[in-house]
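[1] Dropping the sequence and predicted coords here.
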Amino acid sequence: MHALSYLTGVLSLFFAWYLLPLVQASSYFVINEPAKGAQWTNNAVNPISWTKGLLDGVSNVDIELARLSSDGLIFVARDVPAALSTGGVNIFIQDVPTATDYFLLFVNSTNGIMYASSQQFAISNTANGTTPAPVAGSATVTVSGGPNPTAVFATTFPASANGVGLPAWKAAEGARRQLAAVGCVMALCALGGAWTVL
């Protein structure tokens, strides 16, 4: 009987390992612009663009602006549509403190999940070099002033963009493969357990 339970354990591990690729998530999210060393200018439109995985289940993001050398966040936009694999938004900044240690954070501020962070970039009062072109066809958000812990997001996009009005079963649509793989592994483990008992 000991050899049978050993065989069952090996088979369960084999099938779990065999089905493991089905539970791999598509967690690819890269902020393309601002690039490393980019310089944004106060009183100008500055582009943000990104590329992400299609089946990652991220339909919207919250964008925050952070600095390394000081506390506080500048809340840029909430519920920015991000369902497509590429996207963008334009930021018009005014009176934002100048520095060379800014980062953009793409988060879900409700759940505290960070999807991506940009490369380090600078904000100055005068343009040095070429200014990147705004993202065509994208919304423009106006941000002013420095970090303020009591401030709200400068812009909140419509609720329809974040899937709130969808039925509950729609939430699992992006995870069909993962749910199927977990179900198969559980069924095989139950069969292996039943085989061991018999």
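    Arrived safely, thanks for sending.

[2] how about the helices in the protein?
    Using DSSP state H, the helices of the chain run over 2-19, 176-197.

[3] Of those, which is nearest Val61?
    helix 176-197 (21.3 Å; C-beta to C-beta). Where you see a C-beta, it was placed from the backbone N, CA and C, and this is true even at glycine.

[4] Name the spans of the chain whose pLDDT lies under the cut-off.
    1-6, 11, 13, 15-27, 84-85, 127-131, 159-175 (pLDDT under 70).

[5] what do you get if the cut-off is 80, keeping everything else the same?
    1-28, 53-58, 71, 83-87, 111, 126-135, 149, 155-156, 158-179, 198 (pLDDT under 80).

[6] Tell me who's in contact with the residue nearest the centre of the chain.
    In the chain, the centroid-proximal residue (C-alpha atoms, centre = their mean) is Tyr115; its distance is 2.9 Å. Taking C-beta atoms under 8 Å, 6 or more residues apart in numbering, we find Tyr115 in contact with 29, 52, 58, 61, 106-108.

[7] What subset of the residues you listed is buried?
    For the contacts of Tyr115, a burial check counting by 16 or more other C-beta atoms under 10 Å picks out 29, 52, 58, 61, 106-107.

[8] Can you lay out these as TSV showing distance to Thr140?
    As requested, these are arranged in TSV below (distance: C-beta to C-beta, whole Å):
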residue	distance to Thr140
Phe29	22
Lys52	21
Val58	22
Val61	17
Phe106	18
Val107	21
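
[9] For burial, what's the neighbour tally of Gln39?
    19 (other C-beta atoms under 10 Å).

[10] typo on my end, it should be Phe157
    Other residues near Phe157 number 19, with proximity taken as other C-beta under 10 Å.

[11] May I have the residues that are in contact with it?
    Phe157 makes contacts with 60, 77-81, 139, as judged by C-beta under 8 Å, 6+ apart.
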